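A.B. asks: can you look at this prediction? I've put the sequence above it.
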Amino acid sequence: MLVAAAVCPCPPLLVPDVAAGAAPELDAARAACTDALGVLAASRPDLLVVVGPAEESGRGPHPEGTRGSFSDFGVALDVCLGRPDAARRNPGGASASAEAGGTGPSAPERELPPSLAVAAWLLERTGWSDAPVEGLGVGEPLEAERCVRAGEQIGGRAGRVAVLVMGDASACRTVKAPGYLDERATDFDAEVARALGAADVAALKALDTSLAYELKAAGRAPWQVLAGAAEGAGLGGALLYDDAPYGVGYLVAAWS
């Protein structure tokens, strides 16, 4: 059963080495992520599942010990999901891969997609050692129903399951945003922020998938996986951060 969840944004800029001179601009977001991960640790889970958006090559399960890199962003920085020696001993969350748009069994030689690499960095930064960790890359176009079913599977993986959900809100908040300015983005992000802050499972399930795609909201599918995992868990939520420093909505929330 799900006992806690943390929701964090997943831009590589969250990693100071990638952000370089702009790093201080996301200090508040990093601090909020640290607080959210503290809620996960306090829940004393038997298993932590990290869920984030992924392109086709990164979809499906990523077992503990899978490595990631920020070399594509010009930084010689490697990370590891959980314990570096665990990949051979932990087969990963294969049961959820088909529902999450995975194309086959997990493979330790695959690198983490960027969203899960950012999650691995956050976990390393906070010294996570509280429970085994598994990753799940979710296809961004995945239908809501399949996201919810994948979440339901995750919620049944262990007696006490925690989830770290990575994903950004709209990328259309300003004219300088990656998706340019879309007047619908502010209201969409406000509703997501409200739902995450209230742990409103029904509202997350009901998010408009077409609108989310048009607004380039990469977190839509992972948030709906969270909704499936949290169904019936009775968790409460708190919104810890809500801003759009680069025209992209970044949200941090904690459920417990």
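C.D. replies: Received the coordinates, thanks. Residues are numbered from 1 along each chain as shown.
A.B. asks: would you map the strands across the stretch 151-256 of the chain?
C.D. replies: For the stretch 151-256 of the chain, strands defined by DSSP state E, counting those that start in this stretch occupy the ranges 161-166, 237-243, 250-255.
A.B. asks: report all helices and strands that the second one contacts.
C.D. replies: Okay, so that is strand 237-243. Here strand 237-243 touches helix 27-42, helix 185-198, strand 250-255, going by 3 or more Cβ pairs under 8 Å, 6 or more residues apart in numbering; DSSP states H and E. The C-beta positions use only the backbone N, C-alpha and C, and glycine is treated the same way.
A.B. asks: buried ones in the second one, by neighbour count?
C.D. replies: Burial within helix 185-198, assessed by neighbour count using 16 or more other Cβ atoms under 10 Å, is assigned to 185, 188-189, 191-193, 195-198.
A.B. asks: possible to save the residues you listed as JSON lines with distance to Pro141?
C.D. replies: Below are those laid out as JSON lines (distance: Cβ to Cβ, whole Å):
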{"residue": "Ala185", "distance to Pro141": "19"}
{"residue": "Phe188", "distance to Pro141": "17"}
{"residue": "Asp189", "distance to Pro141": "20"}
{"residue": "Glu191", "distance to Pro141": "20"}
{"residue": "Val192", "distance to Pro141": "18"}
{"residue": "Ala193", "distance to Pro141": "23"}
{"residue": "Ala195", "distance to Pro141": "21"}
{"residue": "Leu196", "distance to Pro141": "21"}
{"residue": "Gly197", "distance to Pro141": "26"}
{"residue": "Ala198", "distance to Pro141": "27"}
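A.B. asks: can you put the helices and strands packed on strand 237-243 in CSV and add distance to Gly137 and mean pLDDT?
C.D. replies: Listed next are the helices and strands packed on strand 237-243 as CSV, based on distance: least, Cβ to Cβ, whole Å; pLDDT from 0 to 100:
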stretch, distance to Gly137, mean pLDDT
helix 27-42, 19, 98
helix 185-198, 21, 98
strand 250-255, 20, 98
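A.B. asks: what's the closest of the strands of the stretch 151-256 of the chain to Leu13?
C.D. replies: For the strands of the stretch 151-256 of the chain, proximity to Leu13 was assessed by Cβ to Cβ; strand 250-255 is nearest, at 9.6 Å.
A.B. asks: quick one: that closest one to strand 237-243, angle?
C.D. replies: Relative orientation of strand 250-255 and strand 237-243, computed by axes from the mean of the first three to the mean of the last three Cα atoms, to 10 degrees: 170 degrees.
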